[in-house]
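**Student:** Okay, predicted coordinates and the sequence, questions at the end:
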Amino acid sequence: MVNSGEKVCIRGLRDVAAAETRISFVDPLGALYYAGYNIDDLIGKVCYEEIFHLLIHNKLPNKTELEALKTDLRSEMKLPDPILDSLRSTPKNCHPMEVLRTEVSRLGEYDENRDDNSEQANKKRATMLAAKVPAIVASFHRIRQNEKVLDPKEEYGLAENFLYLFRGKPLDAEEKDAMERYMILHADHGLNASTFAARVTASTFSDMYSAVTSAVGTLKGKLHGGASERVMHMLSEVPHLDDVEEYIQGMLFDRKRVMGFGHRIYLAEDPRSKHLKKISKALCQNEHRADLYAKCKKIQAVVHREKKIYPNVDFYAALVLNALDIHSEFFTPFFASSRISGWTAHILEQYADAVLIRPTSNYVGVYERNFVPIEER
Ligand code: SDX
């Protein structure tokens, strides 16, 4: 007799709380809190390093702590030669998310302290990864363009250095502000799929590199961080503003998902989307980009009218990154370069929670099959 032990199966773990966290709260009614601070109260008032400190240490830094953190992050942005050599030998047609998945894993090979899984060692690793993930993204882009890999500038913070290392030219004031806000808005978001993947890996007491590699691979998917790259592809398929209605109606008729829209948690507009929409409007001043912004607004209106869903973080983020002259295949790596803060904070929290994440499943296969030796099969 088999005890099927049938359990209630919640596909996709929709509305299932799989952990308790102090790191961030996603309010379905359209608000996002980082360790108790509403992001609307933080944007424009703090730098990205302050958010990193808040997520990892559960408090905003004082001036001394902030300066020390900025110095640590800046020095950690320099990549070790074996990583640069690996980037140079990587096939140029690799997607940057594949490269990031590989190089994060490779960083673990050069961690002489890799067997120290103490909270102190892992907090140090979190800082190192928060610096090296964007540096890997920027360096791969430069190497693939056959351009010199640059060193971070002493006077820049992490967000500004990231875009400087990527593009090889200074940012103007508007770009610097946009990049800082972009990085702050992507830092953490509750138990999203990639963060959950990181926590599952950490729940086995596997190392931080393995947990972050799990997260990178998960974020890559088009239903998650991979959506932003596809938003630009969608915009390129809509020739003119007047074509938006027919294009979107066609997608919905074919029951296709419009990339950059909808969310598992939000019942109202994603609060990050409101900020990114404003940033993209300010950046999209030239004729071509103003046209892109107009198309996005029209897409938002049609999708909301037809499906009563809203843009998520990826929709206007695509426009912001495009306006910063970043190619769309780097959109998800830019997302990862900020979310590394949230991932490492959740990994630390999971280590402290010390419980194996292992759900069950309902077996729907057959039972008691009679074995037939291969000679008779
Ligand atoms: C991110 O979880 C996080 O917090 C993630 C994130 C973070 O910061 O970490 O916020 C970042 O990943 C944002 C999401 C990026 N992905 C996309 O933009 C891909 C397109 N979005 C959809 O695939 C979808 O909205 C999801 C995956 C985001 C959410 O999927 P759900 O919760 O499983 O919802 P669903 O697919 O079951 O849709 C529910 C209804 C359906 O209607 P019916 O078919 O039942 O009538 O809403 C409709 C869907 O048709 N719908 C959409 C839609 N999203 C939902 N219809 C058209 N286009 C869409 N994008």
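**Tutor:** The structure has been received and is ready for your questions. Numbers count the residues shown, from 1 in each chain.
**Student:** burial measure for the closest residue to the ligand within the stretch 201-350 of the chain, as a count.
**Tutor:** Minimum separation of the stretch 201-350 of the chain from the ligand (Cβ to the nearest ligand atom) falls at Gly262, amounting to 2.3 Å. Heads up, the C-betas are built off the backbone N, CA and C, glycines and all. Applying other Cβ atoms under 10 Å, we find 18 residues neighbouring Gly262.
**Student:** again, but for the one 10 residues further on
**Tutor:** Here the neighbour count serves as a burial measure; for Arg272 (other Cβ under 10 Å) it reads 25.
**Student:** separation between it and Lys295?
**Tutor:** According to Cβ to Cβ, to the nearest Å, Arg272 and Lys295 sit 20 Å apart.
**Student:** same question, Met259
**Tutor:** From Met259 to Lys295 the distance is 14 Å (Cβ to Cβ).
**Student:** if you count what's nearby, which of the two comes out ahead?
**Tutor:** Each of Met259 and Lys295 has its neighbours counted (other Cβ under 10 Å); Met259 has more, 23 against 20.
**Student:** Quickly note the distance from the more buried one to Tyr266.
**Tutor:** Counting by Cβ to Cβ - Met259 and Tyr266 are separated by 16 Å.
**Student:** next one: Thr213
**Tutor:** Taking Cβ to Cβ, one finds Thr213 at 28 Å from Tyr266.
**Student:** From what I see, the residue of the stretch 201-350 of the chain closest to the ligand and Asn312 are in contact.
**Tutor:** Yes - using Cβ atoms under 8 Å, Gly262 makes contact with Asn312 at a distance of 6.5 Å.
**Student:** ok, Thr21 touching Asn192?
**Tutor:** No - contact criterion Cβ under 8 Å: Thr21 and Asn192 do not qualify, at 11.7 Å.
**Student:** Neighbour count: these two, which is higher?
**Tutor:** Asn192 (25 against 18).
**Student:** May I have the residues that are in contact with that one?
**Tutor:** His224 (Cβ atoms under 8 Å, 6 or more residues apart in numbering).
**Student:** Need the pLDDT of it.
**Tutor:** Model confidence at Asn192, given as pLDDT, is 98.
**Student:** For Leu276, give me the pLDDT.
**Tutor:** So, for Leu276, pLDDT stands at 98.
**Student:** Give me the phi and psi for it.
**Tutor:** phi -70, psi -30 (degrees, to the nearest 10).
**Student:** Now do the helices in the stretch 101-250 of the chain.
**Tutor:** Ranges of helices in the stretch 101-250 of the chain, per DSSP state H, counting those that start in this stretch, are 119-144, 158-167, 173-185, 193-203, 208-219, 227-237, 244-253.
**Student:** what's the closest of the ones you listed to Gly5?
**Tutor:** Minimum separation from Gly5 across those (Cβ to Cβ) falls at helix 193-203, 22.1 Å.
**Student:** Report all helices and strands that that closest one contacts.
**Tutor:** helix 208-219, helix 331-353 (3 or more Cβ pairs under 8 Å, 6 or more residues apart in numbering; DSSP states H and E).
**Student:** For this protein, which residues are neighbours of the ligand?
**Tutor:** Within the chain, the positions lying close to the ligand (Cβ under 6 Å from any ligand atom) are 12, 189-190, 192, 223-225, 227, 257-264, 307, 309, 312-314.
**Student:** List only buried entries from the residues you listed.
**Tutor:** Those of the residues of the chain next to the ligand that meet the buried threshold are 189-190, 192, 224-225, 227, 258-264, 309, 312-314, by 16 or more other Cβ atoms under 10 Å.
**Student:** So for the closest residue to the ligand within the stretch 1-150 of the chain, what's the pLDDT?
**Tutor:** Residue nearest to the ligand within the stretch 1-150 of the chain: Gly12 (5.9 Å; Cβ to the nearest ligand atom). pLDDT, Gly12: 95.
**Student:** So it versus Pro359, what's the distance?
**Tutor:** 12 Å.
**Student:** anything in contact with each of those two?
**Tutor:** With Cβ under 8 Å, 6+ apart as the test, Gly12 and Pro359 reach no residue in common.
**Student:** any weak-confidence spans in this protein?
**Tutor:** Scanning the chain for pLDDT under 70 picks out 1-4.
**Student:** that older thread, I'd like to know which of the helices of the stretch 101-250 of the chain is closest to Glu329.
**Tutor:** Closest to Glu329 of the helices of the stretch 101-250 of the chain is helix 227-237 (Cβ to Cβ; 6.0 Å).
**Student:** which parts of the closest one are buried?
**Tutor:** Result for helix 227-237 [16+ other Cβ under 10 Å]: buried residues Ala227, Ser228, Glu229, Arg230, Val231, Met232, Met234, Leu235.
**Student:** Please apply the same query to stretch 20-30.
**Tutor:** Quick answer for stretch 20-30 (16+ other Cβ under 10 Å): Thr21, Ile23, Ser24, Phe25, Val26, Gly30.
**Student:** Could you write out the alpha-carbon coordinates of that stretch in PDB?
**Tutor:** Output of stretch 20-30 as PDB, limited to C-alpha atoms (Å, rounded to 0.1, in the frame of the first residue of the first chain):
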ATOM      1  CA  GLU A  20      10.800  35.400   6.900                       C
ATOM      2  CA  THR A  21      13.000  38.400   6.100                       C
ATOM      3  CA  ARG A  22      13.900  41.900   7.400                       C
ATOM      4  CA  ILE A  23      15.600  42.900   4.100                       C
ATOM      5  CA  SER A  24      12.700  44.300   2.000                       C
ATOM      6  CA  PHE A  25       8.900  44.300   1.900                       C
ATOM      7  CA  VAL A  26       6.900  44.400  -1.400                       C
ATOM      8  CA  ASP A  27       3.500  45.800  -0.600                       C
ATOM      9  CA  PRO A  28       1.000  44.500  -3.200                       C
ATOM     10  CA  LEU A  29      -0.700  47.900  -3.100                       C
ATOM     11  CA  GLY A  30       2.300  49.400  -4.800                       C
END
